[in-house]
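Chemist: Would you be able to build a 3D model of this:
(2 chains)
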2 protein chains.
Amino acid sequence: MSALARFSINQMTVKQLPLPELVAASARMGVPYVGLWREPVQEYGTEAAAKLVREAGLRVSSLCRGGFLTAVGAQERRLALADNQRAVDEAATLGTDTLVLVCGGLPEGSSDLPGARERIAEALAELGPYALRHGVRLAIEALHPMYAADRCVVSTFGQALELAERFPAEQVGVVVDTYHLWWDERVPEQLVRAGAAGRIASFQLADWITPLPAGVLTGRGQLGDGSIDLRAFRESVDAAGYDGPVEVEIFNEELWAGDGEEVLAETARRYVRHVLD
Amino acid sequence: MSALARFSINQMTVKQLPLPELVAASARMGVPYVGLWREPVQEYGTEAAAKLVREAGLRVSSLCRGGFLTAVGAQERRLALADNQRAVDEAATLGTDTLVLVCGGLPEGSSDLPGARERIAEALAELGPYALRHGVRLAIEALHPMYAADRCVVSTFGQALELAERFPAEQVGVVVDTYHLWWDERVPEQLVRAGAAGRIASFQLADWITPLPAGVLTGRGQLGDGSIDLRAFRESVDAAGYDGPVEVEIFNEELWAGDGEEVLAETARRYVRHVLD
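Modeler: Just a heads-up that it's a prediction; the model follows:
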């Protein structure tokens, strides 16, 4: 089996590559999966993107991202639900069964974390059956606690798992992302629980490097450059029974400034050296 | 009882004020406690600082900070222990029973969080009895998980509490800091456990604002400017049985650029409005 058999390159890691180049380079390098984002896919055309990927012999490991489900007003909530239904449709068109959800932060002026978390559950109750009918599973991603206010009030793997467990496993799963979870010593045990229940929908990787940049959005590290024991993490996820794609998703200005194909090749090498072997 | 009866101003909140001005302004405004830092105290002279505070009728709520106990090498570890003993001595001289510990991040090139956490425990076993003999308690501060790599591998209140519980309560307690803990829904329950065991050694406040600045060290918010329900947090800490000083510790470039006495007065007003009432 090829060392890259489970490797997936998330589109944002090499966002300088237009979709056709990403797909061509991936196919040439033996990368079997790509993780896609809605905006560049929409720009290219969802049907056309699906065809491009399919004809290159690749598969889509996940679509990023739905979510942003914490609004209070009825109108905003209706818009968010409708947008998430479109995201489900797009995932189905692309042939992936995984829609990653970034659930949303606190509404302006609010400090009510439990309330925001409950509104996410209410939205999942509506979206879950819709997704299932389209062959797509909603994948709750816990984001690092440093994003709790402005991006995602689901801050730990335990919270994501408890939220998912309120719904059938075929409707709602969880994302495991090393960047967001690496500091939390409860994760290995929770992975066992998540794996046994078939809840692990996606496994994403980035390393943790410091200092963090302003805004803390684009400071993720290339595999092996940071503080995370990526191999041990991958072994825990494997041991939990997950055998799907391993998707590398790095937001990093330096990588974006480089040659996209070189970054892709280097990321694949780093994956083999720091995650796999 | 004065509204400020439990209010403490941490020196770093108004670091533009030299110690004599901080003390004079606090006394004039009816602020009964100051939280001090080792470096400015050493610069002024520890004995002189103790005298200054005492003669103004103030008390020192805590001394920041000892810690940095995660080094691997024997020589570095000896130096860290010796420095922490000096910190205990300084706390005793200042008349505070609380030495705040920032425990330290991962050593260069390491990804071994459990190992680093264990080395902290080894150091506490040596320092705890020394501190007790000097009438000082070590107070473990969990820092936000965004500091796990480079400043403090103790990332949650639960971890801090479990670490403290390995030692007698009169030797090792925990710090409750809203900025570091606000996102964690397990804290209220853990506060009950910590309070019942007499482990809460210090209560510090800052609000959470975004976007975070580069390096994420100086982006704490003035009380009421951010996402934290400070009043609810204070009520939880009260309900846990803690009745000591409530110390406001804000690292914020804008506050530092302002007039120190005005910032102090405003912080006291914010405390009454957003924390107390």
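
Chemist: How are the strands of the stretch 51-200 of chain A distributed by residue range?
Modeler: A:59-67, A:98-102, A:137-141, A:172-177, A:200-205 (DSSP state E, counting those that start in this stretch).

Chemist: what would the ones you listed look like in TSV with mean pLDDT?
Modeler: Output for those, formatted as TSV (pLDDT from 0 to 100):
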stretch	mean pLDDT
strand A:59-67	97
strand A:98-102	98
strand A:137-141	98
strand A:172-177	98
strand A:200-205	98
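
Chemist: With residue B:16 as the reference, name the closest of those.
Modeler: strand A:98-102 (39.2 Å; CB to CB). Backbone N, C-alpha and C define where each C-beta goes, glycine included.

Chemist: now the closest one against strand A:200-205, angle please.
Modeler: 70 degrees (axes from the mean of the first three to the mean of the last three CA atoms, to 10 degrees).

Chemist: which residues touch strand A:98-102?
Modeler: Contact with strand A:98-102 is made by A:61-69, A:84, A:87-88, A:91, A:131, A:136-141, A:143, A:151-152, A:173, A:175, A:201-202, as judged by CB atoms under 8 Å, 6 or more residues apart in numbering or on different chains.

Chemist: next one: stretch A:179-186
Modeler: A:141-144, A:156-158, A:187, A:204-208, A:220, A:227-229, A:233, B:113-114, B:145, B:148, B:155-156, B:159.

Chemist: What subset of these is buried?
Modeler: A:141-144, A:156-158, A:187, A:204-208, A:220, A:227-229, A:233, B:113, B:145, B:148, B:155-156, B:159 (16 or more other CB atoms under 10 Å in any protein chain shown).

Chemist: Out of the residues you listed, which sit inside helices?
Modeler: Judged by DSSP state H, the subset of the buried ones among the contacts of stretch A:179-186 located in helices is A:157, A:158, A:187, A:233, B:113, B:159.

Chemist: And these, which is closest to residue A:259?
Modeler: When those are compared against residue A:259 (criterion: CB to CB), the nearest one is residue A:233, at 28.4 Å.

Chemist: Look up the closest residue to the closest one, ignoring the ones flanking it.
Modeler: Counting by CB to CB, 6 or more residues apart in numbering or on different chains, residue A:178 is the residue found nearest to residue A:233 once chain neighbours are left out, at 5.2 Å.

Chemist: so how far is residue A:192 from the one you found?
Modeler: 17 Å (CB to CB, to the nearest Å).

Chemist: what do you get for residue A:103?
Modeler: 24 Å.

Chemist: Among the two, which residue is more densely surrounded?
Modeler: Using other CB atoms under 10 Å in any protein chain shown, the more surrounded residue of residue A:103 and residue A:192 is residue A:103, with 28 against 14.

Chemist: Quickly note the distance from that one to residue A:163.
Modeler: 8 Å.

Chemist: Now do the shared contacts for those two.
Modeler: A:120, A:140, A:154.

Chemist: List the buried residues of stretch A:269-276.
Modeler: A:270, A:271, A:274, A:275, A:276.

Chemist: next one: stretch A:69-77
Modeler: A:69, A:70, A:71, A:77.

Chemist: same question, stretch A:82-89
Modeler: A:84, A:85, A:87, A:88, A:89.

Chemist: Repeat that for stretch A:245-255.
Modeler: Quick answer for stretch A:245-255 (16+ other CB under 10 Å): A:245, A:246, A:247, A:248, A:249, A:250, A:251, A:252, A:255.

Chemist: Tell me which of those residues fall in helices.
Modeler: Residues of the buried residues of stretch A:245-255 located in helices (DSSP H): residue A:255.

Chemist: In strands, which of the buried residues of stretch A:245-255 appear?
Modeler: A:246, A:247, A:248 (DSSP state E).

Chemist: Would you check how far apart the last one and residue B:130 are?
Modeler: Right, the one you point to is residue A:248. Going from residue A:248 to residue B:130 by CB to CB gives 47 Å.

Chemist: Kindly report the same for the second one.
Modeler: As for residue A:247, its distance to residue B:130 is 50 Å (criterion: CB to CB).

Chemist: And residue A:1, what's its pLDDT?
Modeler: If you check residue A:1, the pLDDT there is 67.

Chemist: I should have written residue A:244 there, sorry.
Modeler: pLDDT recorded at residue A:244 is 98.

Chemist: Please apply the same query to residue A:277.
Modeler: Residue A:277 carries a pLDDT value of 85.

Chemist: Need the three-state assignment for the nearest residue to it once chain neighbours are set aside.
Modeler: Excluding the flanking residues, the one nearest residue A:277 by CB to CB, 6+ apart is residue A:231, at 7.6 Å. Secondary structure, DSSP: H, G, I helix; E, B strand; the rest coil: residue A:231 is helix.

Chemist: Find me the pLDDT at residue A:231, would you?
Modeler: 98.

Chemist: from memory it sits against residue A:271, does it?
Modeler: No. Residue A:231 is beyond contact range of residue A:271, at 10.7 Å (criterion: CB atoms under 8 Å).

Chemist: what about stretch A:249-264, distance to the chain center?
Modeler: Here the centre of stretch A:249-264 is set off from its chain's centre by 18 Å, with CA atoms, centre = their mean, to the nearest Å.

Chemist: and what of stretch A:226-241?
Modeler: Per CA atoms, centre = their mean, the centroid offset for stretch A:226-241 relative to its chain is 16 Å.
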